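Trainee: whatever this is, show me its structure:
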Amino acid sequence: MLQELDGMIRDEGEYVKTKELTIAAVKDKLSLAGKGEDGYILLYALSKEYETYQCDSAITYAYAAIEAAKTAGSATNVRSAKIQLATCLAKAGIFDEAMAVLDALDVSALNDIQRMDFYQAGIDCCVFMLEYRGGYGVEKIEARKNDYQQRLLALDGGRNSYDAVRTKAIMGLESSDYKSVIALMSAYMDKVPPKSPQMANVTSLLSAAYRQSGDMERWKEYLAMSAISDLASCVRENMSLRILAMQMYEDGDLARANMYIKKSLEDANFYNARLRNVQIAKVIPVIGDAYQLDKAKQQTKLRWFLGVLGVMSMILLIGLFFIIRQMARVRKVNIEMEEMNRRLNSLNDALQKTYERERMTSMSLAEANRVKELFICDFLDICTDYIDKLKTFRRQVNAKLKSGQTANLMKLASKSLSSSQEKENRYASFDKAFLKIYPTFIHEFNLLLKEDQRYPEVEHPIELNRELRIFALVKLGISDTTKIQIFLDYSPRTIYNYRSQIKMRAIDKEGDFDERVRRLCTHNDLL
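Mentor: Numbers count the residues shown, from 1 in each chain. Sure thing, here's the model as predicted:
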């Protein structure tokens, strides 16, 4: 309800525009009407339109309606226009003139409708006077009001017209019979148009009844509904918004209280009613001062908040500066670490390669040691065999010399030095020892030769032919022809021919063939 009311205050121009268009339409018709009956009807209608909108205009058109009725010669219309004038004067706070107009009328000459309006105008005038005087010297006014109320109800005869129902509600509130007022007005709400001046009066009386019952929430609810209806129908002569402003002040909602009381003051100034101006003049300093004080406090809090926010912003900026600087350092450290990681990876790769080489070297050394051991064992076997043969030969030579068998000694020496069997045994020992150390020599040597020029291979070779035996010595580092001749007992020509023939059978005839032979079986050879 309060949010809707706030919105209507902000959008009040739309409702005012509608009201002004309605008034303008009546005025347009008035300019075309004459001074007779039609003129009276339009002037009376304009006074009604201005009755709750602007009292000066309402009074002016009421006087004009009286003159039009006199011109038309209608005494009935004159009486109706005077009752309307009294009502407008009462709402404007001109009570003496209003009462004088009512007192000058002959009640017996009024018809029932006029008499109902007469009593209602009298009640309104008395209510406004009582409200204005605030309880001082009100006995006669109270008595006159009560008299008007009783006469109105008697005239209504139980028909429960709008004026009669409203009068009953006022009387119920005055007697503190709030339950009957709540029941009466709650049932009557459906009979009046929504957001109309009648709805504003009904909900205002309901709010007063709820206040008497102690239901403050319902009181504020119906008070807000009354203010909404006043705004929607452009009722400038109102009191619901002023009362609601005071309640908002008491509830501590100073912003709303200030907005509502300012709107009430604007309405009162526009309507130009002395009573409402006096009432608001008593309230507005209290609410205004409280609002300004609250606003000053809010501004002080805002300044403190802005100060704290400024300090926090500075701290945040300083923190951001250090964070950015730290992040720059971190980035620099990360770059350095990445560079160190790259270098470490390079070193690790180098160490890994070195380790692999060392491991291979260690394995190769172990293999080389094994090869050396095998070679030494085979060499010792050969040496032992030759030592035994030399011992035997020396014994035989000594025996022959002692017995003077010179001729036999020559035969023995010739046989021992030129024995072909001895040579074959020596070759066999060499082949066995070499192939034991380099079992893949024949296979790898064949890889150097053309496919159709290769030597036959067996799974476990035990001997070499004459050509392979020459290159076996080359593999062992003996490439000199003279040394090969002495070891194998081949002629230099034979050795040359064999080496030349083999080189002609090689796949690659260019380069140093002997060097390629020496690199064979390198996984076993570190001798």
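
Trainee: distance check, A100 against R493.
Mentor: 172 Å (Cβ to Cβ, to the nearest Å). The way it works is simple: take the backbone N, C-alpha and C, and place the C-beta from them, glycine included.

Trainee: hmm, I was thinking of D251
Mentor: Distance from D251 to R493, by Cβ to Cβ: 135 Å.

Trainee: equivalent analysis for L320, please.
Mentor: For L320, the distance to R493 - Cβ to Cβ - is 96 Å.

Trainee: output the lowest mean pLDDT helix or strand found in the protein.
Mentor: Between all helices and strands in the chain, the lowest mean by mean pLDDT, DSSP states H and E belongs to helix 406-417, at a mean of 64.

Trainee: could you look up the SS state of G34?
Mentor: coil (DSSP: H, G, I helix; E, B strand; the rest coil).

Trainee: that one: neighbour count?
Mentor: By other Cβ atoms under 10 Å, 10 other residues sit near G34.

Trainee: if I look at it, how far off is S229?
Mentor: 37 Å.

Trainee: same question, L155
Mentor: For L155 relative to S229 (Cβ to Cβ), the value is 27 Å.

Trainee: with G511 instead?
Mentor: Taken as Cβ to Cβ, the span from G511 to S229 is 119 Å.

Trainee: now the residue located most distally from the centre of the chain: phi and psi?
Mentor: The C-alpha centroid of the chain is most remote from G404, which lies 125.1 Å away (Cα atoms, centre = their mean). Dihedral pair for G404: phi 70, psi 20, per degrees, to the nearest 10.

Trainee: so what's it up against?
Mentor: Listed by Cβ atoms under 8 Å, 6 or more residues apart in numbering, G404 has no contact partners.

Trainee: and what of G137?
Mentor: For G137, counting by Cβ under 8 Å, 6+ apart, there are no contacting residues.

Trainee: does it belong to a helix or a strand, and which?
Mentor: Under the criterion DSSP states H and E, no helix or strand holds G137.

Trainee: for L449, phi and psi?
Mentor: Torsion angles, degrees, to the nearest 10, at L449: phi -100, psi 160.

Trainee: swap that for Y438, please
Mentor: The phi/psi pair for Y438 (degrees, to the nearest 10) reads phi -120, psi 80.

Trainee: quick check: it vs I478, distance?
Mentor: In terms of Cβ to Cβ, Y438 sits 14 Å off from I478.

Trainee: compare neighbour counts for those two and give me the winner.
Mentor: Y438 (20 against 15).

Trainee: how close does the nearest residue to the more buried one once chain neighbours are set aside get to L46?
Mentor: The shortest distance from Y438 to any non-neighbouring residue, by Cβ to Cβ, 6 or more residues apart in numbering, is to C521 (4.5 Å). For C521, the distance to L46 (Cβ to Cβ) stands at 133 Å.

Trainee: cool, L89 as well?
Mentor: 16 Å.

Trainee: what about P439, is that helix, strand or coil?
Mentor: coil.

Trainee: likewise for Y490?
Mentor: Classification of Y490 by three-state DSSP places it in coil.

Trainee: phi, psi for it please.
Mentor: The phi and psi values for Y490, taken as degrees, to the nearest 10, are phi -100, psi 160.

Trainee: just checking, S186 touches L206?
Mentor: Yes: applying Cβ atoms under 8 Å as the test, S186 and L206 come out as touching, 6.8 Å apart.

Trainee: more crowded one of these two?
Mentor: L206 (26 against 13).

Trainee: who are the contact partners of the more buried one?
Mentor: 181-182, 185-186, 189, 222.

Trainee: now the helix or strand hosting it: buried residues?
Mentor: Secondary structure from DSSP H and E places L206 in helix 197-213. By neighbour count with 16 or more other Cβ atoms under 10 Å, helix 197-213 contains the buried residues 197-212.

Trainee: same check, this time on stretch 147-154
Mentor: The neighbour-count check on stretch 147-154 (16+ other Cβ under 10 Å) flags 148-149, 151-153 as buried.

Trainee: got it, and stretch 83-103?
Mentor: Within stretch 83-103, the residues that count as buried by 16+ other Cβ under 10 Å are 83-95, 98-99, 101-102.

Trainee: circling back: more neighbours: C521 and L46, which one.
Mentor: L46 (22 against 18).

Trainee: what's near enough to touch the nearest residue to the more buried one once chain neighbours are set aside?
Mentor: Counting by Cβ to Cβ, 6+ apart, Y61 is the residue found nearest to L46 once chain neighbours are left out, at 4.2 Å. Each residue near Y61 by Cβ under 8 Å, 6+ apart is listed here: 43-44, 46-47, 50.
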